[in-house]
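K.L.:
dropping the sequence and predicted coords here.
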Amino acid sequence: MHPFLPILGLNIPSYGMCIVFGIILASLWVKFDPRWNGIDFDFFILISACIFGTGFLGAKIDFILVSFPFSFQVFLSSFSAPGGFVFYGGLLGGALGYLIGIKISRQRNADYIKIYAVLIPFCHAFGRIGCYLAGCCYGKPYSGFLAIPSENVAFGRPEDISYFPIQLVEATLLFAISAFIYFFTSKYQQSRMANSAAKNANPFFIYLFLYSLIRFILEFFRGDSVRGLLSCGLSISQAVSLILFSQPLKSHFANAR
């Protein structure tokens with residue numbers, strides 16, 4: 001476990017460092033990818049700043065709301081811990097920031113929604129790598145391939161138990177989602193689907209559909225209880241995943257009528 005990384009004599013939180021690294025790479029991707037050379041980079045930075053600001057607040061507030069009923073100690077530590085964020089809260093907050101950024105910049109939503117449908121899972125993957133380094137969001141006890149030893153898990157877990165590498169599995173799937181949507185929105189692929197209803201599919205809805213599906217499944221392999229469990233046995237994130245999973249389906253069937 002490496003919750004802090006020594007850089008230039010400073011101990012930098014590894015989770016935050018991974019997020020920042022992902023954002024920098026995503027920004028460079030937009031800057032130098034010929035596919036996106038029609039995008040005003042200054043407006044992209046403005047919109048991204050709005051997303052990051054409100055997303056950060058949303059993720060922190062969601063963690064506080066989720067952790068408070070289950071552990072007052074975790075609730076108190078969330079104000080000073082380098083981690084302590086819930087992604088779905090960040091996604092909701094980021095969506096609000098996106099709308100604010102689009103309103104301020106007066107840019108077309110269609111020009112940017114494709115970009116963020118690719119970049120959100122890309123940056124999120126780096127966040128999951130940060131979770132692995134920080135030792136949070138760990139998996140269930142597991143002794144198979146790529147099992148994580150107990151010293152790489154936070155919150156004082158038993159020393160003789162290894163854990164499922166759920167953070168790295170999710171990071172890999174997030175990179176795959178990002179690559180799939182990038183390919184799906186390419187001009188080549190769009191030309192191949194010229195006569196298909198899939199051509200008009202909202203890339204962000206594709207992202208929501210894919211991520212909510214894998215998140216619902218991966219939650220069964222999580223071992224941390226801080227995320228919150230409902231009386232029905234599902235986690236709070238699984239309940240949110242079911243809601244998000246249904247939205248693209250509703251939109252698809254509504255457009256098909």
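P.N.:
Cool, the structure landed.
K.L.:
output the lowest mean pLDDT helix or strand found in the chain.
P.N.:
Across the helices and strands of the chain, mean confidence by mean pLDDT, DSSP states H and E is lowest for helix 72-77: a mean of 54.
K.L.:
now the following helix or strand past that helix: average pLDDT?
P.N.:
As assigned by DSSP states H and E, the chain's next helix or strand after helix 72-77 is helix 87-105. Confidence for helix 87-105, expressed as mean pLDDT, is 95.
K.L.:
for Asp111, which residues are in contact?
P.N.:
Taking Cβ atoms under 8 Å, 6 or more residues apart in numbering, we find Asp111 in contact with 38-39. Bear in mind the C-beta positions are built from the backbone N, C-alpha and C, glycine included.
K.L.:
again, 7 Å this time
P.N.:
Ile39 (Cβ atoms under 7 Å, 6 or more residues apart in numbering).
K.L.:
that one falls within a helix, correct?
P.N.:
Yes: per DSSP: H, G, I helix; E, B strand; the rest coil, Asp111 lies within a helix segment.
K.L.:
strands along this structure, start to end?
P.N.:
When secondary structure is read from DSSP state E, the chain shows strands at 4-7, 10-13.
K.L.:
and the first one, which residues are buried?
P.N.:
What that stands for is strand 4-7. Within strand 4-7, the residues that qualify as buried are Phe4, counting by 16 or more other Cβ atoms under 10 Å.
K.L.:
run me through the strand neighbours of that strand, direction for each.
P.N.:
Within its sheet, strand 4-7 is paired with strand 10-13 (antiparallel), according to DSSP bridges.
K.L.:
buried residues, the strand it pairs with. List them.
P.N.:
Buried residues in strand 10-13, counted by 16+ other Cβ under 10 Å: Pro13.
K.L.:
from Pro34, how far out is Gly90?
P.N.:
Separation of Gly90 from Pro34 (Cβ to Cβ, to the nearest Å) stands at 30 Å.
K.L.:
the more surrounded of those two?
P.N.:
Gly90 (26 against 6; other Cβ atoms under 10 Å).
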